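Undergrad: I would like the atomic coordinates for the input below:
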Amino acid sequence: LEKVWREGKGITHALSTFAYNTQAVGLYSKFGMAPLCTVPLMYTKPDKLPKRKPTGLKIIDTLTKADYDWINNLEGKIRGYVRPQEWMFWKSSDRYKIYLFKDRGKRVGYSMTGTHGELAPAGAVSKKHLVNIVYEMLYLSNVRDDNTIRLFCPTHNIELYKMLLKNGLRMDEMLIFMSDTPYGDFDRYLPATLAIF
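TA: Numbers count the residues shown, from 1 in each chain. Sure thing, here's the model as predicted:
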């Protein structure tokens, strides 16, 4: 870490590690990173989900340039930075499907499904909307390979965590997200992978 560590204006450091790995947590803490939240890796089989209930959200699966601009703007507010190149990569791949969600005609969030069981990234304008979006995503999953839905759930949004448990998801592993600066609004965001939080 000392060999690769960089300091300077605008440089921050963040990572995830297993909650049981107290040596890693201690080491990263010595470098100034603190645990910001727990992040359970959760899973279920699509056929284990209970009967779908309506959330009132309108699901859009054909997005415009204006929709992608809106997604990038919201991600900038939630995550602190945007990733337009990644969205264009996902859009061009047949492995992923991107969705936009509207409530009473207004955009309220976005998410993506992948053929390996991914249900994220997902972001929303409010905690409540994120809960409803992730709920809808459970039923929009286009899993092909191992027939298992998997997602990382930052526990800042307790209602999201409770909804997932209520709908049959179970914890596979518990991770901790650590950073040396406040990072993202995990009340309104679900990461796709902890490698690119």
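Undergrad: and for the spatially closest residue to residue 128 that is not a sequence neighbour, the neighbour number?
TA: Of all residues beyond its chain neighbours, the one nearest residue 128 is residue 159 (7.3 Å), with distances taken as Cβ to Cβ, 6 or more residues apart in numbering. Quick note: C-beta positions are derived from backbone N, CA and C, even for glycine. Residues within reach of residue 159, counting by other Cβ atoms under 10 Å, total 12.
Undergrad: in whichever strand or helix holds residue 159, what's buried?
TA: Applying DSSP states H and E as the criterion places residue 159 in helix 158-166. Using 16 or more other Cβ atoms under 10 Å as the test for burial, helix 158-166 gives 160-161, 163-164.
Undergrad: tell me which residues touch the residue nearest to residue 128, please.
TA: With contact taken as Cβ atoms under 8 Å, 6 or more residues apart in numbering, residue 159 is in contact with 127-128, 131.
Undergrad: kindly recompute the last result at 10 Å.
TA: Contacts for residue 159 (Cβ atoms under 10 Å, 6 or more residues apart in numbering) come out as 127-128, 130-131, 187.
Undergrad: which of the residues you listed lies closest to residue 64?
TA: For these, the residue nearest residue 64 by Cβ to Cβ is residue 130; the value is 22.3 Å.
Undergrad: what's the closest non-adjacent residue to the closest one?
TA: Closest residue in space to residue 130, ignoring its immediate chain neighbours: residue 124 at 3.8 Å, by Cβ to Cβ, 6+ apart.
Undergrad: helices and strands around the helix or strand bottoming out on mean pLDDT in the chain, which ones?
TA: None of the helices or strands of the chain scores lower by mean pLDDT, DSSP states H and E than strand 14-18, at a mean of 89. For strand 14-18, the elements it packs on are helix 22-30, strand 34-44, strand 170-179, judged by 3 or more Cβ pairs under 10 Å, 6 or more residues apart in numbering; DSSP states H and E.
Undergrad: state the mean pLDDT of the longest one.
TA: Confidence for strand 34-44, expressed as mean pLDDT, is 92.
Undergrad: return the set of buried residues in it.
TA: Neighbour-count burial for strand 34-44, counted by 16+ other Cβ under 10 Å, picks out 36-44.
Undergrad: then the shortest one?
TA: Taking 16+ other Cβ under 10 Å as the basis for neighbour counts, the residues of helix 22-30 that come out buried are 24-25, 28.
Undergrad: strand 14-18 and that helix, what's the angle between them?
TA: Relative orientation of helix 22-30 and strand 14-18, computed by axes from the mean of the first three to the mean of the last three Cα atoms, to 10 degrees: 160 degrees.
Undergrad: what is helix 22-30 packed up against?
TA: Against helix 22-30 (3+ Cβ pairs under 10 Å, 6+ apart) you get strand 14-18, strand 34-44, strand 170-179.
Undergrad: what ranges do the helices span in this protein?
TA: For the chain, the helices defined by DSSP state H occupy 22-30, 65-79, 84-92, 127-140, 158-166.
Undergrad: what's the second one in contact with?
TA: In this case it means helix 65-79. In contact with helix 65-79 (Cβ under 10 Å, 6+ apart) are residues 60, 63-64, 81-84, 86-88, 91, 98, 100, 107-112, 121, 123-125, 130, 183-189, 191, 197.
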